[in-house]
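Q: got a structure for you, letters missing:
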């Protein structure tokens with residue numbers, strides 16, 4: 001089994017950016033304690049402040065899919081659903097990771 005990464009593209013409703021970011025932090029705090037969740041990032045498009053990526057790394061596809069089918073997921077994402085205009089998710093198998101050189105650009 002190998003690590004997987006999900007990339008969720010989301011666009012918020014007009015004027016809901018700050019609420020969305022706060023709701024994401026609340027949800028992410030709970031998700032991070034789940035078995036298999038390794039890392040989560042929320043990034044905003046530098047040119048479109050209503051467009052976000054939610055990037056999550058999971059230990060394997062099985063644990064990601066188990067979370068995806070859970071009532072727990074539905075309850076958590078209710079906080080975010082009402083703030084978004086659109087969403088699309090893709091899942092990728094992580095093949096290689098290369099870290100930056102220590103001290104470079106830091």
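A: Alright, I've got the coordinates. This structure is a prediction, so every number in the text was calculated from the model and none was measured.

Q: At the geometric centre of the protein, which residue do we find?
A: The chain has residue 54 as the residue nearest its centroid, 3.0 Å off, counting by C-alpha atoms, centre = their mean.

Q: List the contacts of that one.
A: Neighbour list for residue 54: 6, 7, 8, 10, 24, 40, 41, 42 [criterion: C-beta atoms under 8 Å, 6 or more residues apart in numbering]. C-beta here means a position set from N, CA and C on the backbone, and glycine is covered the same way.

Q: Bridging across strands, which residues link to it?
A: The partner list for residue 54 in beta bridges (DSSP bridges) reads residue 8, residue 42.

Q: would residue 20 count as being in a helix?
A: Yes. Per DSSP: H, G, I helix; E, B strand; the rest coil, residue 20 lies within a helix segment.

Q: So which other helices or strands are in contact with the helix or strand of the chain with the lowest mean pLDDT?
A: The helix or strand with the lowest mean pLDDT-type score in the chain, counting by mean pLDDT, DSSP states H and E, is helix 71-81 (a mean of 82). Under the contact definition 3 or more C-beta pairs under 8 Å, 6 or more residues apart in numbering; DSSP states H and E, helix 71-81 sits against helix 17-31.

Q: Name all residues that make contact with the closest residue in space to residue 90 that isn't next to it in sequence.
A: In space, residue 90 comes closest to residue 7 once its chain neighbours are excluded; the distance is 5.2 Å by C-beta to C-beta, 6 or more residues apart in numbering. By C-beta under 8 Å, 6+ apart, the residues touching residue 7 are 53, 54, 55, 89, 90, 91, 92.

Q: 6 Å instead, please
A: For residue 7, the contact set (C-beta atoms under 6 Å, 6 or more residues apart in numbering) comprises 53, 55, 90.

Q: thinking again about what came up before, could you dump the contacts of residue 54 to TSV with distance to residue 65 and pLDDT?
A: Output for these, formatted as TSV (distance: C-beta to C-beta, whole Å; pLDDT from 0 to 100):
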residue	distance to residue 65	pLDDT
6	11	96
7	16	97
8	15	94
10	20	95
24	21	93
40	17	96
41	20	97
42	22	97
